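Chemist: Sequence first, then the predicted structure, then my questions.
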Amino acid sequence: MAELEGSRPARNSLPAPSVRDFRTRLDQALAAEDEQGRRWADARWGCYAFYDYDGEPIYVGQTNEQLRVRVRRHLTNQRTDAVAMRILDVFEVAELELWPLWEFESVNRSRDPAGFQTARARLDAVEYTAYTQAIEASRFKAILNEKIPPVSPPVELPSSFRCPLVSEDTRAERGHPDIRIARRAETIARLAAVAHERGEVSDGLRRVLVVQAVRLAYLSASRLAMVEGRPDPDPAAIDISRLVGSVLVESNDLERAEDPDDDFADDGDRLW
């Protein structure tokens, strides 16, 4: 038998150039340091946000297992609920923002239960504040979180780090409206298939399906306006609250709050 010529290529050389570029820039972002020489993404506790090619906020999350671990799971197609359920399209993520909570690095749940609960409350408050600010900054007044964060009093956000994750070449390619329209339509189809195949899915997933449809409708309308030489449509033409209800509190949380016999426990999928 003739010997095989050559050798197997390195695994990191297999992805398409735009994917390799994205992952290189993600590595650089996760290695970025603050003024004290700490890598922003090394913080164990913190919150993060993703933005699309228009600078539109699309997702806010929290973690206490380390920011770099959680963000990388999202953005390299390792399993997270948001990616596995087809809620978040990694190809739409163009920017990343991190809010580390350095003061809780040494908190240990078993050794210091009270300190852990303090850290958890602070994390929830930072996440909810970042979430509500993202809602306010969104032209649609809605983002793609399946689970609305626990309602918490607003707080001053800690210092953050925000950076792009795509090159100008990638932005020119993936950011083209026709590509984004096709990609977003595919994302909606996949998300709808999840709802169909599983049958019993969260209210939040069905809410995200509506928000994605709104994002697709607006992008398509903007493309039409551009080719016809008209101004972009007014996002105010879309009333998201009349389509999906509140995006500031889960409907089942409201029901529990109104039930005096319910302990209003957080049933989210956070990593405690």
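Modeler: Sure, I can see it.
Chemist: Could you check how far His176 is from Arg223?
Modeler: 10 Å (Cβ to Cβ, to the nearest Å). Backbone N, C-alpha and C define where each C-beta goes, glycine included.
Chemist: more crowded one of these two?
Modeler: Neighbour totals were compared for His176 and Arg223, and Arg223 leads with 16 against 13 (other Cβ atoms under 10 Å).
Chemist: measure that one to Gly37 for me?
Modeler: Distance, Arg223 to Gly37, by Cβ to Cβ: 45 Å.
Chemist: Likewise for Gly199?
Modeler: Taking Cβ to Cβ, one finds Gly199 at 51 Å from Gly37.
Chemist: now swap in Ala225 and tell me
Modeler: Ala225 is 48 Å from Gly37, by Cβ to Cβ.
Chemist: These two: who's more crowded?
Modeler: Ala225 (13 against 6).
Chemist: That one: what's it in contact with?
Modeler: Counting by Cβ atoms under 8 Å, 6 or more residues apart in numbering, Ala225 touches Pro231, Asp232, Pro233.
Chemist: and if you look at Ile240?
Modeler: Phe140, Lys141, Ala142, Val211, Val214, Val247.
Chemist: Turn these into a markdown table, including distance to Gln66.
Modeler: Listed next are those as a markdown table, based on distance: Cβ to Cβ, whole Å:
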| residue | distance to Gln66 |
| --- | --- |
| Phe140 | 31 |
| Lys141 | 31 |
| Ala142 | 29 |
| Val211 | 29 |
| Val214 | 33 |
| Val247 | 28 |
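Chemist: Between all of the residues you listed, which two are separated the most?
Modeler: For the contacts of Ile240, the maximum inter-member distance is 11.5 Å, found between Val214 and Val247 (Cβ to Cβ).
Chemist: Quickly list what's touching both of those two.
Modeler: Joint contacts of Val214 and Val247 (Cβ under 8 Å, 6+ apart) are Ala142, Ile240.
Chemist: Now do the helices in the stretch 51-200 of the chain.
Modeler: Per DSSP state H, counting those that start in this stretch, the stretch 51-200 of the chain carries helices over the ranges 67-75, 81-84, 113-137, 168-174, 177-198.
Chemist: Check which helices and strands the third one sits against.
Modeler: If I follow you right, that is helix 113-137. strand 46-51, strand 57-63 (3 or more Cβ pairs under 8 Å, 6 or more residues apart in numbering; DSSP states H and E).
Chemist: And the residue nearest to Ala32 when sequence neighbours are not counted, its phi and psi?
Modeler: Among residues not flanking Ala32 along the chain, Trp40 sits closest, at 5.6 Å (Cβ to Cβ, 6 or more residues apart in numbering). Per-residue torsions, Trp40: phi -50, psi -40 (degrees, to the nearest 10).
Chemist: go on, Glu228?
Modeler: For Glu228, the backbone dihedrals (degrees, to the nearest 10) come out as phi -90, psi 0.
Chemist: Just give me the neighbour total for it.
Modeler: If you count neighbours by other Cβ under 10 Å, Glu228 ends up with 7.
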